[in-house]
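Peer 1: Provided below are the primary sequence and the corresponding predicted coordinates.
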Amino acid sequence: MRIAPTFNVALRALRRNKMRSVLTALGIIIGVAAFIAMVGVGHGAKARVEAQIASLGQNIILVFSGSTTTSGIRTGWHGAGTLTIEDAQAIRREVPGVIALSEEVESTTQVAAGNQNWFTRIYGESADYFDIRQWPLADGAPFTPQDVRSANKVCVIGRTTASQIYGNDDVVGQILRIKNVPFVITGVLTPKGLSTHGVDQDDIVIMPYTSAMKRVIGGYRLRNMNVQVGNANDLSGAQQQIIQLLRQRHNIRAGQDDDFTVRNQQEIVDAATATSRVMTLLLGAVAGVSLIVGGIGIMNIMLVSVTERTREIGVRLAVGAHARDILMQFLIEAVSLSSIGGMLGIILGVGASQFLAWKFQWPTLVSIGSIAIAFLFSAAVGVFFGFYPARKAAQLDPIEALRYE
Amino acid sequence: MNNGALVRLIDVHKVYHTGEMEVPAVRGVSLEIKRGEFVALMGASGSGKSTLMNIIGCLDRPTSGHYFLDDADVSGLDRDQLADIRNRKIGFVFQNFNLLPRTSARENAELPLIYSAQGLSNAQLRERADRVLDSVGLAGREDHHPSQLSGGQQQRVAIARALINEPEMLLADEPTGNLDSRTSVEIMGIFQQLNERGITIVMVTHEQDIAAYARRNVIMRDGVILEGHAVSKRSNAAAQLQHGTAQRPDAQQTHMTM
């Protein structure tokens, strides 16, 4: 009924004390801006990690040779080579849902062409690798299953390796000497840039794993396998079957630890994003605390304002204001302060995220969700911290309020 | 139905509790004020006149006794019901004006309408405020803030505020207490004019010469009514202003205690 005029009265009072209103709202503005920027940075970091892991390919199961303890997933991955080519063939044959598999070996070594040389990583893979990793070629063609079967001396190289050795020259068809074995370059990969760990993913030479084992690295054990499943629903089933199959093939008795490690992509995503999730929570919590501090600022000013305007409240009561009208007036003042502060904070926060993103080449993701949360929270802060001063005002006795000096 | 009495107090008591002590402020007052009267309520400080005024103004409730305003018993109403009665039937004028600072005369005058149930539009509010400001001689000053107005003008804004809801009764608590003598006479002139037009006025004052503008004086002492009498030699503010004799007759008398 009388809400509209009460709104006017409250907004007029705020306008009458512009400086004070702005300073009071500043607490909320900073709180909300910090919340949005921090959560944005956190989400951005998480999204970046997820994007990196998604670039592994879709529905991937990674099988590493060597066992791990439950706490240290990285120990032993590169250790004892326990996976064999026969293991890979068995998985291809016996595990349903598997649509692609790439046997992987890895080494770092010197490569050379003409009078140039370069120290780089050598990956041995199957022909499926480029599909599994969704890694198309920029130029030329990948090696074929026939190349893998015959252990042909062919390879595909990354952009960094290419430019280090050949400069801007066309590299397809050129000869690259790896450990003095001449390999024909069949293609150049599209650049991927840095990984989350800061490794240049384009500093690479990929060749058939058979060629790598026979001619470059030696040995007959695989470092790991990249297994791709056709359907996301089959992922965990296939994972279980791979474990059973490998335990059987490796003659591991019940109760003994695996001598290999199987991880699916989701587990890797979870592990990698756990840190950034905790960070986001922490940053959000700090920003939330500053919102509460802003709320206390509002309560403080509202209490001052109620005392200062005791006579005004007396007059309003004398000319017919109900206690509820006075309560609403001061509550609307507090909520207006906090929600206008909230809106300005949102603008500032989005701006700050954009600035951070631009300045530090840092991904930030401002979600509608975090904006909504920040706004609702700031309005709620106004209601919560405005209620006590407003009730104090509403409960004043008109006679005493009129007499107040 | 109406026997002509706007205010009917029947054996009204008011006791204040200060800690363990009971302080009686009004001790059995019966008083009738008819429609169209102009009553000056007089008495020294502590005589209970302010308390009685607060009860008549529905700002306070009697501890015992009955108060009929416009034939309705208001002694048992709650806070919000009293607020509605104040809004509809009573206009207040205070000694220190009690205008909202940094707020235009128009917005000050509009104040009671904001809390009335009439639901007027902003344009209607404005129109009514301007009309009532004009009627107290403030045409052209609607946008002035209290700090830009003289004491007399501020009191006129307060009178405009009191009149805007067309109340039955105007209650004035020492309305000339902060004004010089000429301005006081001007304000009394407005009161007499309003009274001629039929508005009932109850005014608290301790100044004899101001009380002389009323039609009846009621004198209180120690919480009871000492005497009440019609004013025999009534001052006429309009005539005084016209003849330039708007000075208080006797400065000695001004602060005389009763």
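Peer 2: Arrived safely.
Peer 1: where along chain B do the strands fall?
Peer 2: Assigned by DSSP state E, chain B shows strands spanning B:5-18, B:21-34, B:38-42, B:64-69, B:72-73, B:90-93, B:169-173, B:200-204, B:216-221, B:224-230.
Peer 1: which one of those strands lies closest to chain A?
Peer 2: strand B:90-93 (5.3 Å; C-beta to the nearest C-beta). The C-beta positions use only the backbone N, C-alpha and C, and glycine is treated the same way.
Peer 1: Which elements pack onto that closest one?
Peer 2: Applying 3 or more C-beta pairs under 8 Å, 6 or more residues apart in numbering or on different chains; DSSP states H and E, one finds that strand B:90-93 makes contact with helix B:151-163, strand B:169-173.
Peer 1: residues near the residue in chain A positioned nearest to chain B, how many?
Peer 2: Per C-beta to the nearest C-beta, A:Gly320 is where chain A lies closest to chain B, at 2.5 Å. Neighbouring residues of A:Gly320 were enumerated by other C-beta atoms under 10 Å in any protein chain shown; the total is 26.
Peer 1: Is it in a helix, a strand, or coil?
Peer 2: Following DSSP: H, G, I helix; E, B strand; the rest coil, A:Gly320 is assigned to coil.
Peer 1: To what extent is B:Val185 buried, counted in neighbours?
Peer 2: For B:Val185, using other C-beta under 10 Å, the count is 25.
Peer 1: wait, doesn't it sit right on B:Leu241?
Peer 2: Yes: between B:Val185 and B:Leu241 a contact is recorded at 6.2 Å, counting by C-beta atoms under 8 Å.
Peer 1: thinking again about what came up before, skipping adjacent residues, who's closest to the residue of chain A closest to chain B in space?
Peer 2: Leaving aside its chain neighbours, A:Gly320 sits nearest to B:Asn87 (2.5 Å; criterion: C-beta to C-beta, 6 or more residues apart in numbering or on different chains).
Peer 1: So which elements touch whichever strand or helix holds A:Phe355?
Peer 2: Element membership for A:Phe355, per DSSP states H and E: helix A:323-360. Packed against helix A:323-360 by the contact rule (3+ C-beta pairs under 8 Å, 6+ apart) you find helix A:3-16, helix A:18-54, helix A:265-308, helix A:310-318, helix A:368-394, helix B:79-89.
Peer 1: What mean pLDDT does that helix get?
Peer 2: Per-region confidence: helix A:323-360 scores 91 on mean pLDDT.
Peer 1: mind listing what's buried in stretch B:103-122?
Peer 2: Residues of stretch B:103-122 classed as buried by neighbour count (16 or more other C-beta atoms under 10 Å in any protein chain shown): B:103-116.
Peer 1: correction: stretch A:224-236
Peer 2: Residues of stretch A:224-236 classed as buried: A:224-229, A:234-235 (neighbour count, 16+ other C-beta under 10 Å).
Peer 1: ok, now stretch A:144-158?
Peer 2: Buried, per 16+ other C-beta under 10 Å, within stretch A:144-158: A:147-148, A:151-158.
Peer 1: which one of the residues you listed sits closest to A:Asn59?
Peer 2: A:Val148 (22.3 Å; C-beta to C-beta).
Peer 1: angle of the least confident helix or strand in chain A by mean pLDDT against helix A:323-360?
Peer 2: Counting by mean pLDDT, DSSP states H and E, chain A has its least confident helix or strand at helix A:3-16, which shows a mean of 83. If you take axes from the mean of the first three to the mean of the last three C-alpha atoms, to 10 degrees, helix A:3-16 sits at 60 degrees to helix A:323-360.
Peer 1: Who are the packing partners of helix A:3-16?
Peer 2: helix A:323-360, helix B:105-114.
Peer 1: need the contact list for the residue of the stretch 1-150 of chain B found nearest chain A.
Peer 2: Per C-beta to the nearest C-beta, B:Asn87 is where the stretch 1-150 of chain B lies closest to chain A, at 2.5 Å. Contact partners of B:Asn87, counting by C-beta atoms under 8 Å, 6 or more residues apart in numbering or on different chains, are A:319-320, B:112, B:115-116, B:165.
Peer 1: got it, and B:Leu6?
Peer 2: Taking C-beta under 8 Å, 6+ apart, we find B:Leu6 in contact with B:33-35, B:37, B:69-70, B:168-169, B:200.
Peer 1: how much space is there between it and A:Glu104?
Peer 2: 102 Å (C-beta to C-beta, to the nearest Å).
Peer 1: hang on, A:Leu101 packs against A:Glu125?
Peer 2: No: contact between A:Leu101 and A:Glu125 fails when scored by C-beta under 8 Å: they sit 10.2 Å apart.
Peer 1: So for these two, which residue has more residues nearby?
Peer 2: Just comparing A:Leu101 and A:Glu125: by other C-beta under 10 Å the higher neighbour count belongs to A:Glu125, 24 against 21.
Peer 1: any idea which helix or strand carries the spatially closest residue to that one that is not a sequence neighbour?
Peer 2: Spatial nearest neighbour of A:Glu125, chain neighbours left out: A:Ser102 (4.7 Å); criterion: C-beta to C-beta, 6+ apart. For A:Ser102, the host element (DSSP H and E) is strand A:98-113.
Peer 1: Run the angle between the helix or strand following that strand and strand A:98-113 for me.
Peer 2: For strand A:98-113, the following helix or strand on the C-terminal side (DSSP H and E) is strand A:116-125. Taking the same axes, to 10 degrees, one finds strand A:116-125 and strand A:98-113 inclined to each other by 160 degrees.
Peer 1: Identify the residues contacting the closest residue to A:Leu291 other than its chain neighbours.
Peer 2: Leaving aside its sequence neighbours, A:Leu291 sits nearest to A:Gly31 (C-beta to C-beta, 6+ apart; 3.6 Å). Neighbour list for A:Gly31: A:287-288, A:290-294, A:345, A:378 [criterion: C-beta under 8 Å, 6+ apart].
Peer 1: isn't there a strand covering A:Met213?
Peer 2: No: counting by three-state DSSP, A:Met213 is not found in a strand; it is helix.
Peer 1: Tell me, how many residues neighbour it?
Peer 2: Neighbourhood size, A:Met213 [other C-beta under 10 Å]: 19.
Peer 1: what do you get for A:Phe7?
Peer 2: A:Phe7: 15 surrounding residues under other C-beta under 10 Å.
Peer 1: Likewise for B:Asn217?
Peer 2: 19.
Peer 1: can you pull up the bridge partners for it?
Peer 2: Judged by DSSP bridges, the bridge partners of B:Asn217 are B:Ala40, B:His229.
Peer 1: before we move on, what about A:Asp200?
Peer 2: Beta-bridge pairing of A:Asp200 under DSSP bridges involves A:Leu194.
Peer 1: repeat for B:Val202
Peer 2: B:Val202 has the following beta-bridge partners by DSSP bridges: B:Val39, B:Leu171.
Peer 1: Just the pLDDT for the residue of the stretch 151-258 of chain B found nearest chain A.
Peer 2: Going by C-beta to the nearest C-beta, chain A is nearest to B:Arg161 of the stretch 151-258 of chain B, at 7.1 Å. For B:Arg161, the model assigns a pLDDT of 96.
Peer 1: Hmm, it is touching B:Tyr115, no?
Peer 2: No: using C-beta under 8 Å, B:Arg161 is not in contact with B:Tyr115, being 11.9 Å away.
Peer 1: Common neighbours of the two, please.
Peer 2: A:Val319.
Peer 1: Return the residues of the stretch 251-400 of chain A in contact with chain B.
Peer 2: Counting by C-beta under 8 Å from any C-beta of the partner chain, the residues of the stretch 251-400 of chain A close to chain B are A:311-312, A:314-325, A:398-399.
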